[in-house]
Structures are given as C-alpha cells and as structure tokens.
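Student: Structure here, sequence nowhere to be found:
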C-alpha cells in the first residue's frame, strides 16, 4: 500500500514537471517563466525527498528554488520582461526530437528497475561505504561521510569549480556600483518581519553546517542558506547597507580562503606521511581525526559556497540598468 | 490518549478541508487579490492545522519542537509574503475586479455601482454628503 502511494506521488510529481516544462516553453512573459523555474525546482526537490535523497532535495530547494530565482530576477531587471522572439515552427525539428526521444527511451530499457536490489550500484561500492562508515568514521549521515571523506577528492574538485565560477563571473561582470541604483521603498511590515527572519535563517545555516554529520545538510547547503540571509537583507533594506555589512571586496578573498582551508586540510595529512586528504593523520585517534577532517573540510566548502553565491549576486545586482525601447 | 487521537483526527480533517477550500477559491474567485486571499488565509491555517494534527499523532519528541518552530515561521512568513505579493501587484497596476453585479444590491444592471464603494458608504454612513 505504502509502495503504491509512493508510486502515485512520483507519477503526479513527474506529470507536474512535464506540465511546467511545456508552460515555460509557451509563456513569453519572462517573469512568469522565472517563477515557473522556481516551481520546477521545488517539485524536483519533492521528488528527491520522495526518493529518500534528503541531502539532494535540500540542495535543490536552497539553490534551485531560492538562489537561482533571485539571480534570474536580477538578470531580468537588466533586460526586457517579454520575450521578443517569434516562434517559428520548423518541421525539421520534429523528426530530430522524436529520434532523440526514441533513442533515450531505448537506452532506458537497459536500466535496472527502480529500487532493484540486484542493480550493479548496490553491489559495487555502496556496501563498502555503509560498512566502512560505521567502522572508520562513525557518523550517522553516510552521505556526509561519502562526500567529505571517501570521495574527498571529488568534493575538493567541486569546491574549486565553485570558486572558479565565482572568479569567472567577477572577471566578466565586475563588482558593480551601488551609488547609481535606486533603493527599495521603505516598507515597515517587511522591515519588522524580515529582521528576526534573517536571524533565524543565519542560525539555521549554522545548524545545517555543523549538523551535517548527523542529519541532512553540510557545507554546500549551509553556504547557500547563509548567503540567502544576506541576500534577503539586501533585497529589503537596500544594497548599500548590505555592502556595508559584507563589503564586496572581501568576498573573493573569503572564497579563496574556503578552498585554501580544504587544501591545507589535505596537505596536513600529506605532511604526516599519509595520502592527500587522509584525515586519520589529523589526530592520534583515527576516528577523531576523521571527525576533525570532515568538520574542517565542510567549513571550507561552506565558506567558499557562501562567498561565491553572495559574490555572484552582487555582480548581477550591481549592474547598471539599460532601458530598452 | 483516545482524546488526543480524536483531536489529531479533527485537526487533520479541518486542515485538509481548509487547504481544499483554498484550492477551490484560487480557481473560482474573480481577480488576483481575492485569489490571493483564498490561497493565503485558508492555507496558512490549513497547513498549521495539518502540522498540529501530525504533532498530536506522533507524540512528544525532539521533532515536536522543530515543528513548533516551523509553525511560528509559517505564521510570520506566510502573511508577510502575501502582503509583499499584494503590494507588488498594486504597484504593478493590477486593479481589483470591482464591477460586479451583486445579488446583495437589488439594483438594475445599468445602476450597478462599485460594490466596494457601496460597502464603504454603508459602513461609514456617508453617502456623498456628510450627515448632519
């Protein structure tokens, strides 16, 4: 019964996703399309939640629905609201789409069934991860153990990717200026409500950061949540004040510092004659070393993500608006 | 214990009913503001009632505290979001649908006035001129 219910929920959510995709192709109002993208992210987060991938759902909700929507809106501010393209229907597209779709469906036929216990993925690495997490790392959240310890190299790469994304946006767009911009209108209700909300968001960000070993969460999600607190402040009180709280010039340095913390944690194990990112070397007790290593690495990830997200937001919102006809 | 189970059931049913009402209102009401009203008012209470129902059903644990915090956040954030949406709509020039033929006023269609204005007039007792 429960399994059937989950199946029904999955089918409903997937149908929602397909409807949102068609709607966002058809609608020419870019503001509405941005909102639809946000809804799309929320629905996918629900889908991940239904698949018991809480960490992924968390990231999708924070990044996809939260930050990306704000970023799209601040990009939308720089252009026109309505799409200016006439939809031309090319008949050539139809067979290509049908062929690609058929090829994809043909490929899907080779996949193991969803939740199949005999699928290769459940026999190759997953049992080792589950067993070794209990033995060597001893934290409840296996996802964090895999992410920060077993596959620390991958996560290091991801952190560097985030850092380089921030650097690329900075080089392309610059930090922008805030003097020319119009400040948001004063709205007492928003001011009163948003102040305690920001405090709650920041505390929740810290909770997600440091509770990542025990429950859903970790550096990536915490960085986005922490940054969204500041973005909310900037949206309600004006960017001049936000840039006084966190100056734009400090953000690239913080972003680099996050990657540096990660790298130095790896180097410290290298110094004591162990492989790169082997946290056992960090303490006399190997399990304690793992805990310390994961804490440091997650802190580096959180710092890098937080500063990069805020940096990208500043770059977009600090751009001068050009009024089109 | 049985009473708590009953209370939980009542909360869940009432919450589900309110959420359903909000959905119907969102589809049936005439303009943006009334739809927003239907969606926000009923669903704020509906979601909170659903959470309370779940809380009563599962009993006291650490998650109860988290759910209470969630209720607090929803009670503050939901009306504020509605307020923000409403302001943005008013700022963007969306007008409430006022030209309605209401069965409450027994007037001819040509005489159909602004229902909103009429309400204000009856409430304040002012009809164009100040009463002496």
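Tutor: Yes, it's here. What you see is a predicted model, and the numbers here were worked out from it, not measured in a lab. Residues are numbered from 1 along each chain as shown, chains lettered A, B, ... in the order given.

Student: Show me the helices in chain A, by range?
Tutor: Here chain A has its helices, by DSSP state H, at A:2-26, A:30-50, A:54-59, A:68-76, A:93-108, A:126-132, A:142-145, A:152-173, A:188-210, A:219-237, A:239-245, A:250-271, A:286-317.

Student: go on, chain B?
Tutor: With helices called from DSSP H, chain B shows them at B:2-28, B:32-58, B:62-91, B:115-124.

Student: What residues does chain B have near chain A?
Tutor: B:73, B:76-77, B:80, B:83-84, B:87 (Cβ under 8 Å from any Cβ of the partner chain). C-beta here means a position set from N, CA and C on the backbone, and glycine is covered the same way.

Student: Low-confidence stretches in the chain?
Tutor: Went with chain A since none was named. Across chain A, residues meeting the criterion (pLDDT under 70) sit at A:1-3, A:87, A:178-183, A:322-325.

Student: think we crossed wires, I meant chain B
Tutor: Where chain B drops to pLDDT under 70, the residues are B:99-132.

Student: Neighbours of residue 39, how many?
Tutor: I'll assume chain A. Other residues within reach of residue A:39, judged by other Cβ atoms under 10 Å in any protein chain shown, total 17.

Student: try chain B instead
Tutor: 19.

Student: need the contact list for residue B:95.
Tutor: Shown in contact with residue B:95 (Cβ atoms under 8 Å, 6 or more residues apart in numbering or on different chains): residue B:31.

Student: Mark which of the residues of chain B next to chain A are buried, thanks.
Tutor: Among those, the ones that count as buried by 16 or more other Cβ atoms under 10 Å in any protein chain shown are B:76, B:80, B:83-84.

Student: re the thing from before, take the helices of chain B and lay them out in JSON lines including distance to residue A:232.
Tutor: Shown next, in JSON lines, are the helices of chain B (distance: least, Cβ to Cβ, whole Å):
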{"stretch": "helix B:2-28", "distance to residue A:232": "26"}
{"stretch": "helix B:32-58", "distance to residue A:232": "20"}
{"stretch": "helix B:62-91", "distance to residue A:232": "11"}
{"stretch": "helix B:115-124", "distance to residue A:232": "34"}
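
Student: Need the winner for burial among the ones you listed.
Tutor: Comparing the helices of chain B by mean neighbour count (mean count of other Cβ atoms under 10 Å in any protein chain shown), helix B:32-58 ranks first with a mean of 18.

Student: Could you tell me the angle between that one and helix B:2-28?
Tutor: For helix B:32-58 against helix B:2-28, the angle by axes from the mean of the first three to the mean of the last three Cα atoms, to 10 degrees is 160 degrees.

Student: if we can go back for a sec, please produce JSON lines containing the helices of chain A, extended by distance to chain B.
Tutor: What follows is the helices of chain A, written out as JSON lines (distance: least, Cβ to the nearest Cβ, whole Å):
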{"stretch": "helix A:2-26", "distance to chain B": "14"}
{"stretch": "helix A:30-50", "distance to chain B": "10"}
{"stretch": "helix A:54-59", "distance to chain B": "14"}
{"stretch": "helix A:68-76", "distance to chain B": "12"}
{"stretch": "helix A:93-108", "distance to chain B": "33"}
{"stretch": "helix A:126-132", "distance to chain B": "25"}
{"stretch": "helix A:142-145", "distance to chain B": "20"}
{"stretch": "helix A:152-173", "distance to chain B": "26"}
{"stretch": "helix A:188-210", "distance to chain B": "4"}
{"stretch": "helix A:219-237", "distance to chain B": "9"}
{"stretch": "helix A:239-245", "distance to chain B": "18"}
{"stretch": "helix A:250-271", "distance to chain B": "27"}
{"stretch": "helix A:286-317", "distance to chain B": "17"}
